[in-house]
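>>> sequence first, predicted model second:
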Amino acid sequence: MNIFRLLEERDKELELILDSIQDAITIVDKYGITKYWNNAAVKMYGIKKEDIIGRHIKDFFPSSLLPRIIKEEKSYENIYNSPRENSFNIISASPLYYNGQLVGGISLDRDVTDHIRTTELLNKARSNLDVLRKEVSAINKNRSSFYTILGNNLKFREAVNLARDMARSNINILIYGESGTGKELFARAIHIESGREGLYVPINCSAIPNDLMESELFGYAGGAFTGALKEGKTGKIELAHKGTLFLDEIGDLPLHMQPKILRVLEDGMVTKIGSAKSIKVNIRVIAATNKNLEEMVEKGTFRKDLYYRLNSVVINLPPLRERRDDIPLLANRFVQDYCMEYGLNILNISPQVMDAFIQHDWQGNVRELNNVIERMVVIAKNNKLTTLDINTLPENIVVRRKTAVEETHNKENPYDLNNILFNAERDAVINAMKMANNNKSKAAKLLNIPRSTLYFKLKKYGI
Ligand SMILES: Nc1ncnc2c1ncn2[C@@H]1O[C@H](COP(=O)(O)OP(=O)(O)OP(=O)(O)O)[C@@H](O)[C@H]1O
Ligand SMILES: [Mg+2]
């Protein structure tokens, strides 16, 4: 019995079934003549049933898989195909047998245009993301230089601008500033901004014992002295070749080292301890100190010639108490940073605490503020607080309590008669006290009130 006659007999039922399938189905006989073409195929290829049925499949699809699978008697699965521009499908096809006899072939085409489009969009989005990621990392690279230095205070901005202007030159820079004012931060930023290809090599002159200083800075040849490494050691100056040598706490550089450093600054020659030959280095020096070098030069504890070599450009970093206007900016940023670090929602700083921050003298400058805030964030975390209030403040930072008068008159309504009278009376008392040179009996007489009343009013107005 012929399968296609069978198909014809059951045509109605089959048509219903095949038409309800989402994939395009094509059935051909063993000669490649199209016998069945479902609705999905109509839709997918825009070819009507009556046009294609009874015709050779190759008339419509010259590279159709069906004749091939019939010839080869072989199945194909998930072959990717783009029959038209902007249309993509995946085809599976296999030979059909009836009673062991090859009778034709069937193919099933799944439209994946939407998938492909989505994938393309996804790829496009991904490559956009890559571009953005690169941009962000470029920005972040910048962020590690001057962008991380916070402060809008005028004097401070001058320091930042000077540092930035000088960064790209090879001029040596001297940074003055109390502890914690950001000397190291500036030195790093200058190095990064300089674009020098070598390393940034910091050395803290106050932290290295006098007799190790020379080997730290200049290195030594193998076997130069007992206890020396066999292979010798590279000094910090050589390490900073083509980069930046940051001489921190230069005021503590021992006197006997000063001419040696001077020589490096003058001719760029470095000689390892125990070595006969000198090597030439190209370094840029940034020095920092909180000592008054000029005074040290006068006293003879710092060499004049070295001082003049170092101070071509001097950057003065103001202590925090001279840039109190920057305290809210710094405090808020540090709170944000620590909240992120400790996985907290960003905490608020209560107005009283901010006030105390602004009043405080910050002997340890920005570093002290930073440390205090970390401590407060931890306390807030442990106590599940949502605000950094005065309970989190360390004891040494004093909250200046407002007088009752300040409290009530902060929220003053200028049309409130009580307020107007209150202010007028307070001003009258203050004026009388001024006129009377703070002599209370005289002031009471001027005001024409009893002395006891004056006492009461002085207290009431917090004068
Ligand atoms: N303007 C600023 N903006 C942001 N952070 C700052 C600023 N100034 C200082 N800091 C931070 O304060 C801390 C101390 O800064 P830094 O180490 O640069 O100070 P320093 O002057 O070298 O101090 P010391 O003399 O004690 O070595 C660092 O954590 C630094 O990131
Ligand atoms: Mg430092």
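Looks like it came in fine. Ligands and ions are numbered 1, 2, ... in the order given.

>>> going by C-alpha atoms from here, please, whenever you check contacts or count neighbours.
OK.

>>> wait, L217 touches G235, no?
Yes: contact criterion C-alpha atoms under 8 Å: L217 and G235 qualify, at 4.7 Å.

>>> contact partners for L454?
For L454, the contact set (C-alpha atoms under 8 Å, 6 or more residues apart in numbering) comprises V429, K440, A444.

>>> how far away is the spatially closest residue to the last one that is not a sequence neighbour from ligand 1?
Put plainly, it is A444. Residue nearest to A444 in three dimensions, not counting chain neighbours: R451, with 5.4 Å by C-alpha to C-alpha, 6 or more residues apart in numbering. R451 is 54 Å from ligand 1, where distance means C-alpha to the nearest ligand atom, to the nearest Å.

>>> again with R284
Distance of R284 to ligand 1, given as C-alpha to the nearest ligand atom: 18 Å.

>>> neighbours of that residue, how many?
Per other C-alpha atoms under 10 Å, the neighbour tally for R284 reads 24.

>>> now the helix or strand that contains M213: buried residues?
Taking DSSP states H and E as the definition, M213 sits inside helix 210-218. Judged by neighbour count (16 or more other C-alpha atoms under 10 Å), helix 210-218 contains these buried residues: M213, E214, S215, E216, L217, F218.

>>> list, one by one, the residues from the stretch 1-150 of the chain near ligand 1.
By C-alpha under 6 Å from any ligand atom, the residues of the stretch 1-150 of the chain that approach ligand 1 are T148, I149, L150.

>>> just checking, the second one touches A187?
Right, I149. No: contact between I149 and A187 fails when scored by C-alpha under 8 Å: they sit 11.3 Å apart.

>>> who has more neighbours out of these two?
Set side by side, I149 and A187 show more neighbours around A187, with 28 against 16, by other C-alpha under 10 Å.

>>> CA atoms only: put the one helix or strand the more buried one maps to into CSV for me.
If you go by DSSP H and E, A187 is part of helix 183-194. What follows is helix 183-194, C-alpha atoms only, in CSV (Å, rounded to 0.1, in the frame of the first residue of the first chain):
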residue,chain,number,x,y,z
LYS,A,183,51.6,63.7,51.5
GLU,A,184,51.8,60.1,50.4
LEU,A,185,48.5,60.4,48.5
PHE,A,186,49.9,63.4,46.6
ALA,A,187,53.2,61.6,45.8
ARG,A,188,51.4,58.6,44.3
ALA,A,189,49.1,60.8,42.3
ILE,A,190,52.0,62.8,40.9
HIS,A,191,53.8,59.6,39.9
ILE,A,192,50.7,58.2,38.2
GLU,A,193,49.9,61.5,36.5
SER,A,194,53.5,61.8,35.4
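
>>> which outside residues touch that helix?
By C-alpha under 8 Å, 6+ apart, helix 183-194 touches 144-146, 149, 163-164, 166-169, 175-177, 200, 243-244, 246, 248, 286, 288, 317.

>>> and after it, which helix or strand comes next?
strand 200-204.

>>> that next one versus helix 210-218: what angle between them?
170 degrees (axes from the mean of the first three to the mean of the last three C-alpha atoms, to 10 degrees).

>>> just the CA coordinates of stretch 199-208, formatted as CSV?
Provided in CSV are the C-alpha atoms of stretch 199-208 (Å, rounded to 0.1, in the frame of the first residue of the first chain):
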residue,chain,number,x,y,z
LEU,A,199,58.0,52.2,39.4
TYR,A,200,56.9,54.4,42.2
VAL,A,201,59.3,53.5,45.0
PRO,A,202,58.6,54.9,48.5
ILE,A,203,61.1,54.9,51.2
ASN,A,204,60.5,56.2,54.7
CYS,A,205,63.7,57.9,56.0
SER,A,206,62.5,57.9,59.6
ALA,A,207,61.7,54.2,59.6
ILE,A,208,65.1,52.8,58.5
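
>>> could you pull out the buried residues of it?
Across stretch 199-208, burial judged by 16+ other C-alpha under 10 Å covers L199, Y200, V201, P202, I203, N204, C205, S206.
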